[in-house]
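S.K.: Sequence plus predicted model, see below.
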Amino acid sequence: MFGYIASRIFQAILALWFIASLVFVLSRAAGDPAELFTANLAAPEAEQMMRERLGLDQPLYKQYVIYMGQLIQGDLGTSARSSVPVVQILKERMPATFSLALISILIAVIVSIPLGVLSAIYRDGPIDWVAKVVSFLGQSMPSFWLGLMLILVFAVLLGWVAPAGRLGIPSYILPGFTLGWAAMAGIVRLMRSSMLDVLDSDYVTMARAKGLPEVIVIGKHALRNALIPVITYASLILGAFMNGSVVVESVFAWPGIGRVALHSVLGRDFPVVQGVVIVFGSFFIIINLIVDILYAFIDPRIKYGSQ
Amino acid sequence: MPHFELVNLRRYLLIVTLTVMSLIAACGGASSEPLVVEKEVIKEVVKEIPVVKEVIKEVVKEIVVEKEVVKEVEKQVIVMATPTPNPFIYPPPKVTPAGTLISVGDYWGFMGVDTNISEDSSTKIYINELFEYPIDQNLDGSLKPGFVTKWEVSPDQRTWTLTIRDDVYFHDGTKLTAENAAWGWNRSVSPDTLGGFGLEVAPLLDPAAGGFSAVGDTVKFTTQKPSSTVIMNFTAVSPSRSTIFPQAYFESKGVAGFTENPIGTGPYKFVRRVPGQYMELTAFEDHYEKFPGYKNLQIWDVAELTTRVSMLKTGHADLIAASVRSVKELEESGFGVRQVPGANISWMWYNHHWKEGHLFNDKRVREALSIAIDRQGIGDGLYAGQAKPNCCAYAVPGNIGYPADGIPHPYDPDRAKELLKEAGYDKGFEVDVYTYVGDADWADLPGLTEAIAGYLQVIGLKATVRVVDGQAFKAVFSGSNKDPKALQESLAKEPPYILGVRGSDTRYHTFRTSYIWNHSKGKFGYNQDPNIADALLDKAGAAFDLDKQHEALAAYQLHMNEEYWHAPLLAAVAVFGVDRDKVGTWHTVNGRPFPHNHWSIRPPR
């Protein structure tokens, strides 16, 4: 087990290094950063001044060494537009995005896992039909449209919540539901098919034959095994929420990283774009690592490394 | 047994479902009573609105009557010598600030408040409230003293002297001195903190003169060579930020500390900044000139227009930055609409127009393409009547360089076809019409470009719309002209010939923008022919007198217009939706690029 974890951590570090290097190359391939940083009206000499300030007058390998050195120390540079350290910007925005992602996955899981389980148990019944409708709508409704509709209904028509902003727990409901809605669809379908597979398996038949109560059969024997692919999917969805939050954050004026990413791309603020990509990438890699490690604990059949 | 357990499970689920449904019903019942009260209030407001509309209609009727007897009205004015009452007094009179104003727009998150070095778009929004400019603007757009009372240039036109007003105080009570101002501007141009204002001014300064220096109540600086427009960087009309922070406070707190609690000299003081969400300010009642109308001001950053409109409708906003297309919706919902005229403009470019023998070097072709476009039709249709045909790029009436006799290009598709025939292109040709996404300064550039492509097809051209990234767009019109190799490659790919549709906020002073794009030595190299605009732009650049600059720039704009060197399209208003119960008068400045001076808003009487 230790060997496996160590090897996965090493792979994660390699992946992070690759992402960081890719970001470095791409940001320089997109054009002369000094030109991008300098206002249109500035004199041509200003570009050279900016180049010197940012160290862009150095050879590329030196720039790379400096960049990696700064990265290891947690220095992601300074925003070209606002002149604020990128780390500070991300630190200010991170809690909003993380908390929204967690609430969204929570909403998605709370609704979709029971719905998926019930639709598998009562196959082709009314609950299964409801689950299919949820899946269909979840996958077909774009989040920006759903978000706007929720605002119009629950904020404008009913006046139950504020239309935008992060102002306490109630303000999480609409963006959380919007972000979680699409995930619900996937989780319901996956949970249902996974549960159906498990319910048809020999050990479930054996458990029933032993006379175990159905609640125990489903809750302990079937659900635990059926959850494995769902946990993987939900974890990856959590990572995707970080990226997918761009649209939802814009619709609900949510002060998270997604909006920073959008503004930075539009404003060509590439130190911030770099920072966001590295943070999102790291988050994804860490989630994957955690999921891989969790597998070993969830399913005793899974053994890594030593075999 | 399993069957028995399943029945139990069903019962259990039934009980849970019923309980949840009861809870939902109970919650709904509990909240329904206050909701009904809220709806009643909203209905009352709606009932009041038709009355307001009636009043407006009556005024319009009066104006129509006056127009019919226009000569009599003129005589009355002359005999009685009655001055026309001006509803806008600048600065607005002192009032006791009261209440809270919530203003909402797409303000890019309030990332930084270090306006000396920040280029962050959101700083535009609060700079007029928290800080201020050395040289300010009158309501008609003309320049007026801000915290600098005088600006003079030496006889050799290199050394500028700015006199600092002697009754300006920071929010912490310290006085703004010439030494403090010189420190702030030196910080802006320092190589370590270079950005924004510094990037524009630093390259012009004479290194031997040592930057900005305080002499008595003045600050002096010297440029390497005469620069008539360097002073524009110190004005409210410049995109760069020439604000000043209190030196002692800034040095004691450091950048991070200052960002946490910034202090300026503006009419509003800082309360809090919630990054990505809003900035809260409170009235600075000791300001020497500007007296806020509200005790508290919250400026929210909300990117999505529908969300902003929802905030207005639900009472979570009092004033929103809207779109030219939302005027009807706002009016129908009973909200007020405020329009700042001439805030944004759009125009069309012809690539390689400067190159002899090129298709676009032929005036007949340029004219044909420009007069093929029904500007009025696009303004009325696509922009709901909120955009009008304009004669010039970057400038609208009231801006320096806008020619009083400038006429927008007409719409005449028949003449356009004749011109193409005369030029030998009666069978038309292929054009790629480039535009870009993500520009907040013009609503729906792709939509405008689609419309233009449609008009070009009517006169026989095969027009294809290409929507690209802003930087890629710029590269098409600069890179392929500046670099001889890229130029050859670009020319070899023609046809399709390349047109570009751009949008921008207006420039109060059009010299520098015109120079960088249209002078043959301009930074972007869009034009390489010195005969097109160099003489007129050089004349404008050499003039230190503002009137002479205006005269020369107006001549340049007229020349560009009459020769069809570019095709100016439309000038649009900036639209704001307001809650009539919260927003009364608002002193917007005509043609100002950033019409956000919240301090000048007054609650209704």
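M.R.: In hand now; what should we look at? Numbering: from 1, shown residues only, chains lettered A, B, ... in the order given.
S.K.: Look through the stretch 251-400 of chain B and state the residue closest to chain A.
M.R.: residue B:276 (2.7 Å; Cβ to the nearest Cβ). Using the backbone N, CA and C atoms, a C-beta is placed for each residue, glycine as well.
S.K.: Was I right to think that residue contacts residue B:109?
M.R.: Yes - taking contacts as Cβ atoms under 8 Å, residue B:276 lies within contact range of residue B:109: 4.5 Å.
S.K.: who's more crowded, those two?
M.R.: residue B:276 (29 against 25; other Cβ atoms under 10 Å in any protein chain shown).
S.K.: Give me the three-state assignment for the more buried one.
M.R.: Under DSSP: H, G, I helix; E, B strand; the rest coil, residue B:276 falls in the coil class.
S.K.: what's the overlap in contacts for residue B:276 and residue B:109?
M.R.: A:255, A:259-260, B:301 (Cβ atoms under 8 Å, 6 or more residues apart in numbering or on different chains).
S.K.: These: which two are farthest apart?
M.R.: A:260 and B:301 (11.4 Å; Cβ to Cβ).
S.K.: who's in contact with stretch A:220-235?
M.R.: Under Cβ under 8 Å, 6+ apart, the answer for stretch A:220-235 is A:105, A:108-109, A:113, A:116-117, A:183, A:186-187, A:190-191, A:194-195, A:197-199, A:201, A:203-204, A:207, A:212, A:287-288, A:290-291, A:294-295, A:298-299.
S.K.: one step back: for the shared contacts of residue B:276 and residue B:109, give me a markdown table that also has secondary structure, pLDDT and neighbour count.
M.R.: Shown next, in a markdown table, are those (DSSP: H, G, I helix; E, B strand; the rest coil; pLDDT from 0 to 100; neighbours: other Cβ atoms under 10 Å in any protein chain shown):
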| residue | secondary structure | pLDDT | neighbour count |
| --- | --- | --- | --- |
| A:255 | coil | 91 | 25 |
| A:259 | helix | 87 | 27 |
| A:260 | helix | 88 | 31 |
| B:301 | strand | 91 | 26 |
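S.K.: Which one of the residues you listed is nearest to residue B:309?
M.R.: residue B:301 (15.5 Å).
S.K.: Which residues are in contact with the closest one?
M.R.: Applying Cβ under 8 Å, 6+ apart, the residues near residue B:301 are A:253, A:255, B:104-110, B:122, B:276-278.
S.K.: Could you report the neighbour count for residue 163?
M.R.: I'll assume chain A. Neighbours of residue A:163 under the rule other Cβ under 10 Å: 30.
S.K.: that answer is for a different chain, and I need it for chain B
M.R.: By other Cβ under 10 Å, neighbour count at residue B:163 equals 16.
S.K.: Could you list the low-confidence segments of the chain?
M.R.: All of this is about chain A. Applying pLDDT under 70 to chain A picks out residues A:1, A:30-33, A:35-44, A:243-244, A:296-307.
S.K.: Actually, chain B is the one I wanted.
M.R.: For chain B, the stretches flagged by pLDDT under 70 are B:1-90, B:119-121, B:140-141, B:194-195, B:239-240, B:438-440, B:590-595.
S.K.: near chain A at all, whichever strand or helix holds residue B:486?
M.R.: According to DSSP states H and E, residue B:486 maps onto helix B:484-492. No - using Cβ under 8 Å from any Cβ of the partner chain, we find that helix B:484-492 stays clear of chain A, coming within 13.7 Å at best.
S.K.: Let me have the shared contacts of residue B:276 and residue B:109 in JSON lines, adding distance to residue B:93 as columns.
M.R.: Below are those laid out as JSON lines (distance: Cβ to Cβ, whole Å):
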{"residue": "A:255", "distance to residue B:93": "37"}
{"residue": "A:259", "distance to residue B:93": "39"}
{"residue": "A:260", "distance to residue B:93": "41"}
{"residue": "B:301", "distance to residue B:93": "31"}
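S.K.: just to revisit the earlier point, can you list residues touching both of residue A:260 and residue B:301?
M.R.: Residues within reach of residue A:260 and of residue B:301 at once, by Cβ under 8 Å, 6+ apart, are B:109, B:276.
S.K.: coming back round to it: is chain A contacted by the helix or strand following the helix holding residue B:486?
M.R.: With elements assigned by DSSP H and E, the helix or strand that comes after helix B:484-492 is strand B:497-505. No - residues of strand B:497-505 contacting chain A under Cβ under 8 Å from any Cβ: none, with a closest distance of 9.8 Å.
S.K.: now do stretch B:206-223
M.R.: No - Stretch B:206-223 does not reach chain A (Cβ under 8 Å from any Cβ); its nearest approach is 11.0 Å.
S.K.: Not counting its own residues, what contacts the helix holding residue B:486?
M.R.: With Cβ under 8 Å, 6+ apart as the test, helix B:484-492 has contacts from B:351-352, B:355, B:358, B:479-481, B:498.
S.K.: who touches the residue in chain A positioned nearest to chain B in this structure?
M.R.: At 2.7 Å from chain B, residue A:255 is the closest residue in chain A, using Cβ to the nearest Cβ. Counting by Cβ under 8 Å, 6+ apart, residue A:255 touches A:92-93, A:96, A:165-166, A:249, B:109, B:274-277, B:301.
S.K.: now, the most widely separated pair of those residues?
M.R.: A:92 and A:165 (15.3 Å).
S.K.: before we move on, back to that, please pick the buried ones from the contacts of stretch A:220-235.
M.R.: A:105, A:108-109, A:113, A:116-117, A:183, A:186-187, A:190-191, A:194-195, A:198-199, A:204, A:207, A:212, A:287-288, A:291 (16 or more other Cβ atoms under 10 Å in any protein chain shown).
S.K.: Give me the subset of these that lies in helices.
M.R.: Members of the buried ones among the contacts of stretch A:220-235 lying in helices (criterion: DSSP state H): A:105, A:108-109, A:113, A:116-117, A:183, A:186-187, A:190-191, A:194-195, A:198-199, A:204, A:207, A:287-288, A:291.
S.K.: Could you find the closest non-adjacent residue to the residue of the stretch 251-400 of chain B closest to chain A?
M.R.: Residue nearest to residue B:276 in three dimensions, not counting chain neighbours: residue A:255, with 2.7 Å by Cβ to Cβ, 6 or more residues apart in numbering or on different chains.
S.K.: now the one you found: how far from residue A:85?
M.R.: Per Cβ to Cβ, to the nearest Å, residue A:255 is found 18 Å from residue A:85.
S.K.: can you confirm residue B:104 is in a strand?
M.R.: Yes - the assignment for residue B:104 is a strand, going by three-state DSSP.
S.K.: That one reaches residue B:304, doesn't it?
M.R.: No - in this structure, residue B:104 is not within contact of residue B:304 by Cβ under 8 Å, at 10.6 Å.
S.K.: more crowded one of these two?
M.R.: Using other Cβ under 10 Å as the criterion, residue B:104 and residue B:304 rank with residue B:104 on top: 28 against 21.
S.K.: The more buried one: what's it in contact with?
M.R.: B:299-302, B:308, B:311-312, B:317, B:319-321.
S.K.: Just put these in CSV and tack on secondary structure.
M.R.: What follows is these, written out as CSV (three-state DSSP):
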residue, secondary structure
B:299, strand
B:300, strand
B:301, strand
B:302, coil
B:308, helix
B:311, helix
B:312, helix
B:317, coil
B:319, strand
B:320, strand
B:321, strand
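S.K.: Which of the residues you listed sits closest to residue B:575?
M.R.: Set against residue B:575, the nearest of the contacts of residue B:104 by Cβ to Cβ is residue B:321 (7.8 Å).
S.K.: For residue 254, I want the exact helix or strand it lies within.
M.R.: In the absence of a named chain, chain A is used. Applying DSSP H and E, one finds residue A:254 in no helix or strand.
S.K.: please go with chain B instead
M.R.: Element membership for residue B:254, per DSSP H and E: helix B:247-260.
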